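Enquirer: prediction below, plus the sequence it came from.
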Amino acid sequence: MFSFFKSKKNPGDPSETAVTSDAESESGHDESRGLTSKLKQGLARTRQSWGKQLSGLFGGGKIDEELYEELETILLTSDIGVNATHQLLENLRKQVKREALTDSVQLKQVLKESLIAMLEPLVQPLDTTLQKPFVIMITGVNGVGKTTSIGKLAKYFQSQGKSVLLAAGDTFRAAAREQLMVWGERNNITVIAPAPDSDPDKKSDPAAVIFDAVNSAKARGIDIVLADTAGRLTTQLHLMEEIKKVKRVIGKAMPDAPHEVLLVLDANTGQNAIAQVKAFDEALDVTGLILTKLDGTAKGGVVAAIAGQYPQDPPALRFVGIGEGLDDLRPFDAREFVEAMFD
């Protein structure tokens, strides 16, 4: 634990105030630079492939149909999707005509700003102060990094001074309970979990586990409940029905809960992420997304694909995962994200 000692100088001393303000400002800038650097590092593979192609395309020359066709190919092969690609190309054509642009060099910044404008509606910060406890239900298919994301979310909320409780509602996957317990120990957080059973074929009721967790959080005055649920394929209709039951039971423990339903998506799945959003939204009314594994082979364009699929009412992209560290799950920032995709 760290101790912070107050200065014995006169708090009204302007020199002291200036030093403090400068130090805080510099600290904020350092943190911002650090986060931007991490994001650029996480999206390095995207930038290397996509940035190199765009640099060649926007290296100079006239703006003609051949250029638009090449750009369309680059966008489509970057997981941006058909809808988003068409929207971006339409915006580019309009701006080229409106501003009488003639040189392809001018298009790079235009494309950047068009992408940022497309992604901005996804930026909807999560407000957890509306209820106490604020119950967040986390779902997704197997292998997307759901339980790991819960551990990182717990760390994130703790850094905001929030108390957190974890509910081990994934009672089907082997070692899921143990994995969440490890995250709880690492962050010094209580985990409500079923007792280990000697019969591996006998599974605890996930709805009952989360029901107990919500009631425990109410009794303890906990700020945030993070409820893990079993991963499932969108084609497993019986399991999708079961997860609906989990949501209903949470509502019995606390009216209007869960207050947030977060769907975790693996950025490497590309266009399949869109199908997952549709399926889970139909079942659970998803309120927000977490996009993981952007530090891998993911092309990053799937973010635009999601925005392009929902031009009128896009889902909130709450967080993006850009690394393995505890601090590598961070709120989504459209401009920062787009800047990190370009050279």
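Expert: Arrived safely, thanks for sending.

Enquirer: quick one: the helices in the stretch 201-343 of the chain?
Expert: For the stretch 201-343 of the chain, the helices defined by DSSP state H, counting those that start in this stretch occupy 206-220, 237-253, 272-284, 302-309, 334-341.

Enquirer: out of these, which gets nearest to residue 140?
Expert: Distance to residue 140, taken as C-beta to C-beta, is lowest for helix 272-284 among the helices of the stretch 201-343 of the chain, at 7.4 Å. From N, CA and C alone the C-beta is placed, and that goes for glycine too.

Enquirer: contacts for the closest one, please.
Expert: For helix 272-284, contacts defined as C-beta atoms under 8 Å, 6 or more residues apart in numbering pick out 81, 137, 139-141, 234, 240, 243-244, 247, 261, 263, 265-267, 269, 286, 289, 291, 302, 305-306, 309, 315.

Enquirer: and the helices in the stretch 51-200 of the chain?
Expert: Under DSSP H, counting those that start in this stretch, the stretch 51-200 of the chain gives helices at 52-57, 65-76, 82-99, 107-119, 146-159, 176-187.

Enquirer: now these in TSV, with mean neighbour count, distance to residue 328 and mean pLDDT?
Expert: Formatted as TSV, these follow (neighbours: other C-beta atoms under 10 Å; distance: least, C-beta to C-beta, whole Å; pLDDT from 0 to 100):
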stretch	mean neighbour count	distance to residue 328	mean pLDDT
helix 52-57	15	25	82
helix 65-76	15	27	92
helix 82-99	16	26	93
helix 107-119	19	20	92
helix 146-159	22	7	92
helix 176-187	18	14	81
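
Enquirer: distance to residue 230 for these - can I get that in TSV?
Expert: Output for these, formatted as TSV (distance: least, C-beta to C-beta, whole Å):
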stretch	distance to residue 230
helix 52-57	40
helix 65-76	34
helix 82-99	31
helix 107-119	31
helix 146-159	9
helix 176-187	8
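
Enquirer: closest to residue 225 out of the ones you listed?
Expert: Once the helices of the stretch 51-200 of the chain are compared by C-beta to C-beta, helix 146-159 is nearest, at 10.5 Å.

Enquirer: so what secondary structure elements neighbour that closest one?
Expert: Other elements packing on helix 146-159 under the criterion 3 or more C-beta pairs under 8 Å, 6 or more residues apart in numbering; DSSP states H and E are strand 134-139, strand 164-169, helix 176-187, strand 224-229, strand 288-292, strand 316-321, strand 329-331.

Enquirer: save these as JSON lines, and put in distance to residue 72 too.
Expert: Formatted as JSON lines, the helices and strands packed on helix 146-159 follow (distance: least, C-beta to C-beta, whole Å):
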{"stretch": "strand 134-139", "distance to residue 72": "34"}
{"stretch": "strand 164-169", "distance to residue 72": "44"}
{"stretch": "helix 176-187", "distance to residue 72": "43"}
{"stretch": "strand 224-229", "distance to residue 72": "39"}
{"stretch": "strand 288-292", "distance to residue 72": "24"}
{"stretch": "strand 316-321", "distance to residue 72": "24"}
{"stretch": "strand 329-331", "distance to residue 72": "31"}
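
Enquirer: just the CA atoms of stretch 79-93, as CSV, please.
Expert: C-alpha atoms of stretch 79-93 as CSV (Å, rounded to 0.1, in the frame of the first residue of the first chain):
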residue,chain,number,x,y,z
ASP,A,79,-13.0,-7.3,-42.3
ILE,A,80,-14.8,-4.0,-42.7
GLY,A,81,-17.8,-5.6,-44.4
VAL,A,82,-20.0,-4.8,-47.4
ASN,A,83,-22.3,-2.3,-45.7
ALA,A,84,-19.5,-0.2,-44.0
THR,A,85,-17.4,-0.3,-47.2
HIS,A,86,-20.2,1.0,-49.3
GLN,A,87,-20.9,3.8,-46.7
LEU,A,88,-17.3,4.8,-46.6
LEU,A,89,-16.9,4.9,-50.4
GLU,A,90,-20.1,6.9,-50.8
ASN,A,91,-18.8,9.4,-48.2
LEU,A,92,-15.5,9.6,-50.0
ARG,A,93,-17.1,10.3,-53.4
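
Enquirer: what's it in contact with?
Expert: Contact with stretch 79-93 is made by 68, 71-72, 75-76, 107, 110-111, 114-115, 117-118, 270-271, 274, 298-302, 304-305, 307-309, 311, as judged by C-beta under 8 Å, 6+ apart.

Enquirer: again, only using 6 Å
Expert: 72, 75-76, 110, 114, 270, 299, 301-302, 304-305, 308-309 (C-beta atoms under 6 Å, 6 or more residues apart in numbering).

Enquirer: now that stretch, how far from the chain's geometric center?
Expert: Computed by C-alpha atoms, centre = their mean, to the nearest Å, the chain-centroid distance of stretch 79-93 equals 23 Å.
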